[in-house]
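> Mind looking at a prediction? Sequence and model below.
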Amino acid sequence: RSYDELNALLLDGVVAYAKAHPHPEQRDLTIWQAFEAERGALVPYAGRFDGFHAVPAAVSSTCLVRFDNNKYSVMAPAIGRPVEVRAYAERIEIRQDGRVVAEHPRAFGRGQTVFDPWHYVPVLARKPGALRNGAPFKDWVLPAALERIRRKLTGSADGDRQIVEILTAVLGDGLSAVEAACAEALREGVHSADVVLNILARQREPPAPVPLLTPESLRLRHEPVADCARYDSLRRAP
């Protein structure tokens with residue numbers, strides 16, 4: 001079903017073969033035993049080889065890049081400038097000015113369009129109604145608390161605008177923080193965007209400073225006595 005599954009299957013098969021068969025030159029050892037003896041002298045694994053096929057491409061006005069007869073979405077701010085498509089065996093990575101603006105599982109076949117709904121969230125600020133009818137948002141699975149608030153806001157007069165405000169907050173605060181804020185709002189029995197955004201704003205506030213403990217050597221043995229009458233004497237001075 002995937003390259004990862006295939007690689008795991010091959011690795012299991014290779015190890016099983018090595019443990020069950022003698023080494024071709026050192027007949028008193030299995031292949032696995034000879035490998036274990038040599039392991040310490042081998043060059044350490046430096047990570048997966050970054051092998052890809054790179055081609056330049058243009059971003060359409062609908063945030064799509066065409067590659068190999070299929071289309072892939074990119075982040076909305078990438079519109080209007082060229083990108084580089086890096087095609088790996090199992091995924092597509094799209095870069096602009098050295099920054100990754102999209103990453104998708106690679107589609108095989110023809111005429112497929114691969115969307116990432118988060119790429120289109122900035123567009124929703126101008127067209128909130130697209131959340132209900134837009135192709136990128138069809139069958140969009142959101143985290144549980146965020147989805148519950150979305151369902152509760154559906155049908156209300158400004159429900160689309162409110163859920164778009166919450167989704168937009170994900171771009172700055174992160175999905176986990178927004179999901180936690182949604183869960184907190186639901187526990188309090190509310191689900192408006194104002195409440196969720198207020199919770200996020202409170203979370204961004206720096207923590208209160210830890211109070212300093214006064215060393216015993218610096219504590220006052222005789223508390224000063226306030227004598228406000230002294231100020232009256234200053235007023236009467238010539």
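Here it is on my side, so go on.

> Please list the outside residues in contact with stretch 158-167.
Residues from elsewhere that reach stretch 158-167, judged by Cβ atoms under 8 Å, 6 or more residues apart in numbering: 121, 124-125, 128-129, 131-132, 146, 149-150, 153, 156, 178, 182, 192-193, 196-197. Quick note: C-beta positions are derived from backbone N, CA and C, even for glycine.

> let's see 7 Å
Under the contact criterion Cβ atoms under 7 Å, 6 or more residues apart in numbering, stretch 158-167 has outside partners 121, 124-125, 128-129, 131-132, 149-150, 153, 178, 192-193, 196-197.

> any idea which of these is closest to residue 23?
For the contacts of stretch 158-167, the residue nearest residue 23 by Cβ to Cβ is residue 178; the value is 57.0 Å.

> Could you report the neighbour count for the closest residue in space to the closest one that isn't next to it in sequence?
For residue 178, the nearest residue in space outside its immediate sequence neighbours is residue 170; the separation is 4.9 Å by Cβ to Cβ, 6 or more residues apart in numbering. Using other Cβ atoms under 10 Å, the number of residues around residue 170 comes to 19.

> so residue 170 makes contact with residue 177?
No - counting by Cβ atoms under 7 Å, residue 170 does not reach residue 177; the two are 8.2 Å apart.

> Can you give me the buried ones in the lowest-mean-pLDDT helix or strand in the chain?
Of the helices and strands making up the chain, the lowest-confidence element is helix 229-236, at a mean of 79, by mean pLDDT, DSSP states H and E. Of the residues in helix 229-236, none is buried under the neighbour-count criterion (16 or more other Cβ atoms under 10 Å).

> just to revisit the earlier point, helix, strand, or coil at the residue nearest to residue 178?
Classification of residue 170 using DSSP: H, G, I helix; E, B strand; the rest coil returns helix.

> Buried only: go through the contacts of stretch 158-167 for me.
A residue is treated as buried here by neighbour count (16+ other Cβ under 10 Å); on that basis the buried members of the contacts of stretch 158-167 are 121, 124, 128, 131, 149-150, 153, 178, 192-193, 196-197.

> Which strand or helix spans residue 161?
Using DSSP states H and E, the secondary-structure element containing residue 161 is helix 159-173.

> ok, now residue 123?
Per DSSP H and E, residue 123 falls inside helix 121-124.
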